[in-house]
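Student: I'll drop the sequence and a predicted model, then ask my questions.
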Amino acid sequence: MSHHLSKSGAHKFILGFLFTCITMALYCLSTPALQASTQRLPVTPPCTYQTPTMQGRNTYLSRGTRERCTPKLNLMFLKTHKTAGSTILNILLRFGQRNQLKFALPNSRNDFFYPAPFDRMQVKDYRPGACFNIVCNHMRFNAPEVEALLPQNAFFFTILRDPALVFESSFHYYKKVVPLTWRIQGEDKLSGFLNEPKRYFSPVGFNSYYLKNLQFFDLGYDNSLEPEDPAVDQAIQAVSERFQLVLISEYFEESLILLKDALCWQIDDLLFFKLNARRDASVSQLRPEQTAKARDWNGADWKLYRHFNTSLWAKVDAYGRKRMERDVRELRRRNTEMSAICIDGGTAVEEGDIRDQSMKPWQPLGESSILGYNLRTNIDQKYSELCRKMLTPEIHYLAELGVNLWITRLWGWVKVILPL
């Protein structure tokens with residue numbers, strides 16, 4: 001028995017060593033290009049891109065205010081991790097395609113060389129002075145570089161989630177690519193970490209940002225800061241000034257209605273299916289004491305989240321609670337209609353039950369916990385394209401838009417041949 005355990009342990013060690021080497025090699029494959037491109041470009045004047053007009057929708061009469069407004073088409077969405085950002089991304093990709101808008105897309109990967117701070121040279125086919133309508137893929141936010149790509153009237157927004165839930169989701173999804181977690185003993189590694197986070201965490205560890213204040217990190221700030229540090233308050237103030245709206249994942253539909261109002265869009269612009277969701281069995285239901293520990297460990301994120309949760313509900317009050325309830329009901333009704341039209345069986349299914357390869361979502365290393373959908377057959381032709389796009393996972397959608405995802409696909413191949 002001991003001989004068997006010894007061989008098993010050696011096998012795991014060798015696999016872990018190979019995995020770490022391959023991960024670092026993939027990182028280095030992208031890093032030289034990044035390092036070669038991070039030479040600071042001269043400050044350019046604001047974009048003067050001529051935004052296309054929307055056919056038949058130059059103005060829109062708001063039912064709430066009875067005032068005419070013009071739909072906003074220049075958008076920056078900071079897609080944070082584990083916050084329902086993939087669902088927002090799908091909404092934006094569909095909106096941009098439908099209105100022939102110009103996307104700033106990543107190149108060779110599905111993100112802008114995260115975790116490096118965003119640099120405009122990371123944009124696919126970028127040329128100095130180029131201007132875009134929509135920026136919406138994963139990045140570590142860097143305001144001046146993003147602003148150089150967009151007209152001055154661009155609308156900036158992002159989304160946050162309770163950091164205890166972000167931590168649980170991130171820990172599950174990324175633990176096999178964060179070497180700091182490999183030495184945690186026992187089956188319940190999440191509890192082991194939360195019981196002694198300082199024992200297992202190092203700010204200089206490879207991929208360690210996934211373990212502490214991930215939302216703060218995505219926004220471009222130091223994720224090792226403690227909540228009482230004045231720099232945290234300064235960062236929250238800076239986010240408030242730069243982002244016109246911060247959505248809250250727990251109040252997703254209310255957030256979308258506020259976004260609709262701010263952008264002068266219509267309900268049908270915001271139809272969605274929940275993408276990149278995990279099967280219930282893979283979600284660790286945090287006990288109250290674990291939730292408290294996770295929030296305490298992610299103290300900067302917890303302070304950030306509470307601030308913008310308060311601001312969201314102030315906006316809901318300004319919008320009108322009754323009006324909000326009515327509009328949320330309408331959004332749910334339209335989503336339910338689209339679900340009946342588009343989704344075979346009406347619900348998400350496990351990866352092994354997805355028939356169409358182009359509908360299979362990206363999975364975490366060594367697992368198949370992310371759900372996807374089957375498209376119904378015999379869909380009315382007027383809905384067929386919309387249904388397909390609403391159900392298409394991010395990787396496949398980006399490929400359709402012309403992004404060369406060779407690094408992402410190479411990593412996918414490594415995941416298949418080196419399961420851990």
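Tutor: Yes, it's here.
Student: what's the distance between stretch 201-208 and the middle of its chain?
Tutor: Distance of stretch 201-208 from the chain centroid (CA atoms, centre = their mean, to the nearest Å) equals 21 Å.
Student: can you pull out the strands in the stretch 101-250 of the chain?
Tutor: All strands of the stretch 101-250 of the chain, identified by DSSP state E, counting those that start in this stretch, fall at 103-104, 134-135, 155-160, 245-248.
Student: Dump those to CSV, plus mean neighbour count and mean pLDDT.
Tutor: C-beta coordinates here come from the backbone N, C-alpha and C atoms, glycine included. Shown next, in CSV, are these (neighbours: other CB atoms under 10 Å; pLDDT from 0 to 100):
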stretch, mean neighbour count, mean pLDDT
strand 103-104, 22, 98
strand 134-135, 24, 98
strand 155-160, 22, 98
strand 245-248, 22, 98
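Student: what's next to stretch 258-273, contact-wise?
Tutor: Here stretch 258-273 makes contact (CB atoms under 8 Å, 6 or more residues apart in numbering) with 57, 60, 62, 64, 69-72, 75, 87, 90-91, 95, 155, 157, 244-245, 247, 256, 312, 315-316, 319, 327, 330-331, 334-335, 338-339, 342-343, 373, 390-391.
Student: Among those, name the ones in strands.
Tutor: Per DSSP state E, strands hold the following members of these: 60, 69, 75, 155, 157, 245, 247.
Student: and which of these is nearest to Asp380?
Tutor: Taking CB to CB as the measure, Asp380 lies nearest Tyr60 of the ones in strands among the contacts of stretch 258-273, at 26.4 Å.
Student: right, and Pro117 touches Tyr221 too?
Tutor: No. In this structure, Pro117 is not within contact of Tyr221 by CB atoms under 8 Å, at 10.7 Å.
Student: So which of these two has more stuff around it?
Tutor: Tyr221 (22 against 16; other CB atoms under 10 Å).
Student: so who does the residue nearest to the more buried one when sequence neighbours are not counted touch?
Tutor: Using CB to CB, 6 or more residues apart in numbering and skipping residues adjacent in sequence, the residue nearest Tyr221 is Ala235, 4.7 Å away. Listed by CB under 8 Å, 6+ apart, the contact set of Ala235 reads 216, 219, 221, 300, 304.
Student: now do Leu160
Tutor: By CB under 8 Å, 6+ apart, the contact set of Leu160 is 80, 83, 215, 246-249, 304-305, 308-309.
Student: what pairs with it across the strands?
Tutor: As for beta bridges, Leu160 partners with Ile248 under DSSP bridges.
Student: got a list of what the residue lying closest to Lys79 once chain neighbours are set aside touches?
Tutor: Nearest residue to Lys79 in three dimensions, chain neighbours excluded: Gly85, at 4.0 Å (CB to CB, 6+ apart). Residues in contact with Gly85 (CB under 8 Å, 6+ apart) are 77, 79, 138, 159.
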